[in-house]
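Trainee: heads up, no residue letters with this:
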């Protein structure tokens, strides 16, 4: 497939080769629906919505050929606020529904909006299978590490010991690392971004949109009502440089204002060390196209429970045939070109038949 | 089996030929003995002779239960006749038993005078002891009422194949084909089509093909030459309506019906399915027909299977999911979503005996309640039931028609008996099939007071109460739908109490508004005071029982419900016009309960849940009791 970049509009060889393109420039306003947005004031979802509405015109696809499918939870109200096609479905099942849609409609850009409870708890099975199949879906997981819509129970990404209404003595379950899970599920595209960093968020959304196959994006999103400040260490100008690793394809992986920390190979995986103690040649140069998922997995394991050394950006982006395109190829291959009525007649009369006069 | 008087004839080889009007044969053996294949082939030979027929495969859930044990017995029963028949037969006239377990498990079903053909090679002391025969059944008098043929099937097969280059093990495995050759000779069935079938099936292993063909021929030759079988039989072709016929199982017919529905609707078909007995063959069959634009998606679970079907429907395809009872339970929440979304969806439930895993390979019709009521909230759907294997084709088209026209989930009920049973099917002309074409919304459908033309996703067709099917990709109709309650017309989220009340009632009304034909009653005598009413696969045994009753001078009317929701408009009047209504069901009275509640009719229920279809004899006695007492 060609890697050439055209002057404007999407690059060929991307997820939306078959999606009709807009004929005139679009604006963010066109993507706002007439529905009143009903998230709590201050919710991180507002920022993600604004970034999406700002980003979609850049994609240059016909608005009617974009479809958002969501499950249940605060994040899952997302489709109501975008003037595209959309379905607010049932808890955990959005990847399954979106799979049926994407497989039967190659002319659509299909997005799944989900949360940590929706995608990782009740819908965990659908998520991992969509990822392994590599269905052409863009899955945005808004991770706020809490159940918001049901008013504050711990979620599958909550830290151990979380005090919530359902865990007055602290939660006892070990959390998922969503990126590790996605990589274990054979995901071909895995990325992470943060609600408060619009520029980074937009760049990750663009990379996800263009990826042919399942794109999994974890978005750290603040729930200011039930889990306020969950990602503060990654946002506070005082601490963020010591906590965030900004991945850039083709560049050495370092962190800190003066790149005073570096990522190097240690033991079975990767680790963060003081830059002054290593030969610059030993600093890992980020390559999102590494075929072996162990590399991206090692990146996903860098942060501890305190979120220090959290990588953001695209961890993995590899090419793998998509489920839906192979399914369509089989349909094309099977097609006989015969008129369907005549073909049906043939089918019914197949096998041993006899005539009674 | 009734022998016609004076129809004996001489035949080369000095064997008499006697005419019979019908025969019931049961092949029984270990689940590894190939009894289903033997039965299938005998059925195919019989179908081509023009007999009417009906089959009942009966096999364990285990793929290979321990050899030689009672739970491992697999059987295939075939009823064929020179006239139109409705059931696979109550009692076998002939039992072919490949081992002691097969004899022991089936002998109680035989009427006095039946013929028993046993593979005597397998009746050693240990195999007999394994199933509890302390004394050989050939010596203890327990088979005194039957004509027993002790045939060394295994050793004769091995001997017959000595000349060929086949392993002993493969030669032993061909004994079912020896038995098929013998029975084919006995009932004058041609074996050419079976030989052709074997050559196709084992094209890549010609030595196995040769062994099986040789075994069939040896079985046939044994029949011709042995003195053990002095008589052979013929069953003349049945006088069936003119047309082209093929033999078909319910699952194949159902899959063909779904393909046909896609063709007749000019829509791509999308099947989401998770493997489950006895529905998996629908997935297998549909996966062969991609040339019709049929996509099959083997999902990660039952919920994903129906979810993907809903997604495909949303995108403009005919979305279908196929399953059995446990799968319906899992899909329940998503079916409710489809009720709220008002999108077409066909849910095929091939019922099996429950609850839970129950008897996965045995039949039952105990999912009527879950089909009618098994969802949260007020979530009405249409329910359609097939009544015979070939009727599964037409029932699938009807379910699809309703789903597409009314944009609603439709539950299509089949069952294990229909799924695996078979019968001759008069092939329909494509031109006879209904046109299912529907159109997608393509522009605004509402004018606001200010004159602006807008699209309202929940503005309904006044006749069908269906909302427009506006698929993604249609410019100007961008809208959002979901499980939250919607405002009538606009489809916006609405928490308004009066609107919810209106929407709940409207969803119920639109199911009731579905056009279903009136219930037809068959009462050839015209003076029946008792109605036998059924639904689903009980059609055959109920019909056969009614025929027997009428032949004995009693009047009885028969009617069968294809539509369980909504029910035919004349049903109440039909029920009220008989002194008694008898309803046989393979459940504990689910239809009876619905009709009692809805029409205040004191119906007489008759139920059994043995995992097997009713016999016509038992229904005859049930009906006779009611008829005599009105």
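Mentor: Looks like it came in fine. Model, not experiment: these values are computed from the prediction. Numbers count the residues shown, from 1 in each chain, chains lettered A, B, ... in the order given.

Trainee: Distance-wise, check the most far-flung residue of chain B relative to its centre relative to chain A.
Mentor: In chain B, counting by Cα atoms, centre = their mean, residue B:450 sits farthest out from the average C-alpha position, at 56.9 Å. Relative to chain A, residue B:450 is positioned 14 Å away (Cβ to the nearest Cβ, to the nearest Å). In this view, the C-beta of every residue, glycine as well, is placed from N, C-alpha and C.

Trainee: hang on, that residue in a helix?
Mentor: No - applying DSSP: H, G, I helix; E, B strand; the rest coil, one finds residue B:450 to be coil, outside a helix.

Trainee: So in chain B, which helix runs the longest?
Mentor: Ranked by residue count and defined by DSSP state H, the top helix of chain B is helix B:206-225.

Trainee: Which strands or helices does it pack on?
Mentor: Using 3 or more Cβ pairs under 8 Å, 6 or more residues apart in numbering or on different chains; DSSP states H and E as the contact test, the elements touching helix B:206-225 are helix B:153-160, helix B:168-173, helix B:175-186, helix B:192-201.

Trainee: show me where chain A has helices.
Mentor: A:44-59, A:94-104, A:116-117, A:124-133, A:178-184, A:198-210, A:232-235, A:240-243, A:293-300, A:323-334, A:340-348.

Trainee: Dump those into a markdown table; add mean neighbour count as well.
Mentor: What follows is those, written out as a markdown table (neighbours: other Cβ atoms under 10 Å in any protein chain shown):
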| stretch | mean neighbour count |
| --- | --- |
| helix A:44-59 | 20 |
| helix A:94-104 | 32 |
| helix A:116-117 | 28 |
| helix A:124-133 | 22 |
| helix A:178-184 | 23 |
| helix A:198-210 | 19 |
| helix A:232-235 | 18 |
| helix A:240-243 | 18 |
| helix A:293-300 | 22 |
| helix A:323-334 | 16 |
| helix A:340-348 | 17 |
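
Trainee: got those as JSON lines, with mean pLDDT columns?
Mentor: Listed next are the helices of chain A as JSON lines, based on pLDDT from 0 to 100:
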{"stretch": "helix A:44-59", "mean pLDDT": "96"}
{"stretch": "helix A:94-104", "mean pLDDT": "98"}
{"stretch": "helix A:116-117", "mean pLDDT": "97"}
{"stretch": "helix A:124-133", "mean pLDDT": "98"}
{"stretch": "helix A:178-184", "mean pLDDT": "98"}
{"stretch": "helix A:198-210", "mean pLDDT": "97"}
{"stretch": "helix A:232-235", "mean pLDDT": "96"}
{"stretch": "helix A:240-243", "mean pLDDT": "93"}
{"stretch": "helix A:293-300", "mean pLDDT": "98"}
{"stretch": "helix A:323-334", "mean pLDDT": "95"}
{"stretch": "helix A:340-348", "mean pLDDT": "96"}
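
Trainee: can I get those helices in JSON lines with distance to residue B:198?
Mentor: Formatted as JSON lines, these follow (distance: least, Cβ to Cβ, whole Å):
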{"stretch": "helix A:44-59", "distance to residue B:198": "59"}
{"stretch": "helix A:94-104", "distance to residue B:198": "39"}
{"stretch": "helix A:116-117", "distance to residue B:198": "57"}
{"stretch": "helix A:124-133", "distance to residue B:198": "39"}
{"stretch": "helix A:178-184", "distance to residue B:198": "47"}
{"stretch": "helix A:198-210", "distance to residue B:198": "55"}
{"stretch": "helix A:232-235", "distance to residue B:198": "69"}
{"stretch": "helix A:240-243", "distance to residue B:198": "71"}
{"stretch": "helix A:293-300", "distance to residue B:198": "48"}
{"stretch": "helix A:323-334", "distance to residue B:198": "28"}
{"stretch": "helix A:340-348", "distance to residue B:198": "24"}
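
Trainee: OK, contacts around the residue of the stretch 451-600 of chain B found nearest chain A?
Mentor: Across the stretch 451-600 of chain B, no residue is closer to chain A than residue B:482, which sits at 2.9 Å (Cβ to the nearest Cβ). When contacts are counted by Cβ atoms under 8 Å, 6 or more residues apart in numbering or on different chains, residue B:482 touches A:79, A:80, A:86, A:87, A:88, A:89, B:340, B:341, B:493.

Trainee: Neighbours of the second one, how many?
Mentor: What that stands for is residue A:80. Burial of residue A:80 is recorded as 22 neighbouring residues (other Cβ atoms under 10 Å in any protein chain shown).

Trainee: Is it correct that it is in contact with residue A:33?
Mentor: Yes - between residue A:80 and residue A:33 there is a contact under Cβ atoms under 8 Å: 6.4 Å.

Trainee: roughly how far apart are the residue of the stretch 451-600 of chain B closest to chain A and residue B:590?
Mentor: 33 Å (Cβ to Cβ, to the nearest Å).

Trainee: swap in residue A:267?
Mentor: 63 Å.

Trainee: more neighbours, the two?
Mentor: The residue with more neighbours, out of residue A:267 and residue B:590, is residue B:590; 24 against 7, by other Cβ under 10 Å.

Trainee: Any chance of the backbone angles for the more buried one?
Mentor: Residue B:590 has phi and psi values of phi -70, psi -40 when expressed as degrees, to the nearest 10.

Trainee: Please name the nearest non-neighbouring residue to it.
Mentor: residue B:368 (4.2 Å; Cβ to Cβ, 6 or more residues apart in numbering or on different chains).

Trainee: Now do the same contact list for that neighbour.
Mentor: By Cβ under 8 Å, 6+ apart, the neighbours of residue B:368 are B:383, B:413, B:535, B:564, B:585, B:587, B:590, B:591, B:594.

Trainee: Just the endpoints, please. Distance across stretch A:283-295?
Mentor: Its first and final residues considered, stretch A:283-295 spans 14 Å by Cα to Cα, to the nearest Å.

Trainee: ok, and the closest non-adjacent residue to residue A:110?
Mentor: Residue A:110 sits nearest to residue A:102 (Cβ to Cβ, 6+ apart), 4.5 Å away.

Trainee: List the contacts of the one you found.
Mentor: Residue A:102 sits in contact with A:108, A:110, A:135, A:136, A:137, A:324, B:311, where contact means Cβ under 8 Å, 6+ apart.

Trainee: picking that back up, what's the residue farthest from the centre of chain B sitting at in phi/psi?
Mentor: Residue torsions, per degrees, to the nearest 10, at residue B:450 are phi -80, psi 10.

Trainee: Enumerate the positions of the longest helix of chain B that are buried.
Mentor: Within helix B:206-225, the residues scored as buried using 16 or more other Cβ atoms under 10 Å in any protein chain shown are B:208-220, B:222-223.

Trainee: so which helix or strand takes in the spatially most central residue of chain B?
Mentor: Most central in chain B under Cα atoms, centre = their mean is residue B:418, positioned 1.1 Å from the mean C-alpha point. For residue B:418, the host element (DSSP states H and E) is helix B:416-420.

Trainee: Domains in chain B, by residue range?
Mentor: B:3-235, B:246-432, B:439-515, B:521-629 (automatic domain parsing).

Trainee: now the shortest one: mean pLDDT?
Mentor: Average pLDDT, domain B:439-515: 97.

Trainee: For that domain, measure first residue to last.
Mentor: 19 Å.

Trainee: Tell me the gap between that domain and the middle of its chain.
Mentor: Domain B:439-515 sits 38 Å away from the centroid of its parent chain (Cα atoms, centre = their mean, to the nearest Å).

Trainee: Equivalent analysis for stretch A:138-150, please.
Mentor: 12 Å.

Trainee: Now that stretch: buried residues?
Mentor: Going by 16+ other Cβ under 10 Å, stretch A:138-150 has these buried residues: A:138, A:139, A:140, A:141, A:142, A:143, A:144, A:145, A:146, A:147, A:148, A:149.

Trainee: what residue ranges in chain A score low on pLDDT?
Mentor: A:1-13 (pLDDT under 70).

Trainee: Please list the residues of the stretch 51-200 of chain A that sit near chain B.
Mentor: A:62-65, A:67, A:69, A:72, A:79-80, A:82-90, A:93, A:96-105, A:107-108, A:125-126, A:128-129 (Cβ under 8 Å from any Cβ of the partner chain).

Trainee: The stretch 1-150 of chain B: helices as residue ranges?
Mentor: Assigned by DSSP state H, counting those that start in this stretch, the helices in the stretch 1-150 of chain B fall at B:35-48, B:100-106, B:125-130.
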